[in-house]
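> Requesting a structural model of the entry that follows:
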Amino acid sequence: MFRRASEAGAPQNMNELGRGVPLHSVPASCPLFIVEFKAGRTDLFYATDLALDIRVGDLVIVEADRGKDLGKVVNDTITLAEVEEFQKQQLARAGYGDGPASPGGTASAGASKKEINPKMIYGKAQPQDTQLLVSKIQDEVKALQLCQTKVRQKKLPMEVIDAEYQWDRRKLTFYFIAEKRIDFRELVRELFRLYKTRIWMASLQGPSYEQ
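Numbers count the residues shown, from 1 in each chain. Below you'll find the model as predicted:
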């Protein structure tokens, strides 16, 4: 018998979504999964309902930064013993521990000393979700092209290589590479005015920034 999500310490309000819960508060009977998103970012999730029968390759709706996101399961057999090694790998990829490895963008420098906080899987994506995914991808391509155009116009020394909407459209992330820190506050303000959603600039080489 599984405990309800609230009993596992799941967040109770929108602002807490995406922070996950302490690993020790997730029932031992709840399986763990690694889910992959755009730009190769991955994060750890748990499911409270075995009836979902989640397997590698499944598209799932998951808890994300103040909302929901959609990703693909890439590991359905990870154990508690493997979780710490997983975190080490993600911190190494993220550079400063605050890169695109986390959908919520909540990791920070020194995160290796903090407890791992898995997030919840709500369920498998349904046929209508797959249809929405096509529209989401199309909108991401448009957003990427627009952002690239504005970067060229402003002659910013950065290369924007991808764009990603959070599944619920509450957040729009632009992935970029740059040789040095860039003041892109004006760019982010313009993007916010256009898209009316939170803008997250995720460096693939180091820290990420939100405006």
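
> need the helices for this structure, in chain order.
Ranges of helices in the chain, per DSSP state H, are 80-94, 127-154, 185-195.

> ok, which stretches of this structure are strands?
For the chain, the strands defined by DSSP state E cover 32-36, 42-46, 59-64, 67-75, 119-124, 159-165, 171-177, 198-203, 208-210.

> out of the ones you listed, nearest to V26?
In terms of CB to CB, the element of the strands of the chain nearest to V26 is strand 42-46, at 4.9 Å. The way it works is simple: take the backbone N, C-alpha and C, and place the C-beta from them, glycine included.

> follow-up on the earlier one: take the helices of the chain and lay them out in TSV including mean neighbour count and mean pLDDT.
Shown next, in TSV, are the helices of the chain (neighbours: other CB atoms under 10 Å; pLDDT from 0 to 100):
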stretch	mean neighbour count	mean pLDDT
helix 80-94	15	70
helix 127-154	14	95
helix 185-195	15	96
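
> can you put the ones you listed in a markdown table and add distance to D58?
As requested, these are exported to a markdown table (distance: least, CB to CB, whole Å):
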| stretch | distance to D58 |
| --- | --- |
| helix 80-94 | 19 |
| helix 127-154 | 12 |
| helix 185-195 | 29 |
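
> Let me know which of those helices is the nearest to L50.
helix 80-94 (16.9 Å).

> Low-confidence stretches in the chain?
In the prediction, the chain carries residues with pLDDT under 70 at positions 1-17, 84, 86-87, 90-115, 206-211.

> what residues go with each domain of it?
Partitioning the chain according to the TED database yields domains covering residues 23-125, 128-203.

> and the closest residue to V60 other than its chain neighbours, what is it in contact with?
Nearest non-adjacent residue to V60, counting by CB to CB, 6 or more residues apart in numbering: I121, 5.1 Å away. Applying CB atoms under 8 Å, 6 or more residues apart in numbering, we find I121 in contact with 33, 35, 45-47, 52, 54, 60-63.

> No more questions from me, cheers.
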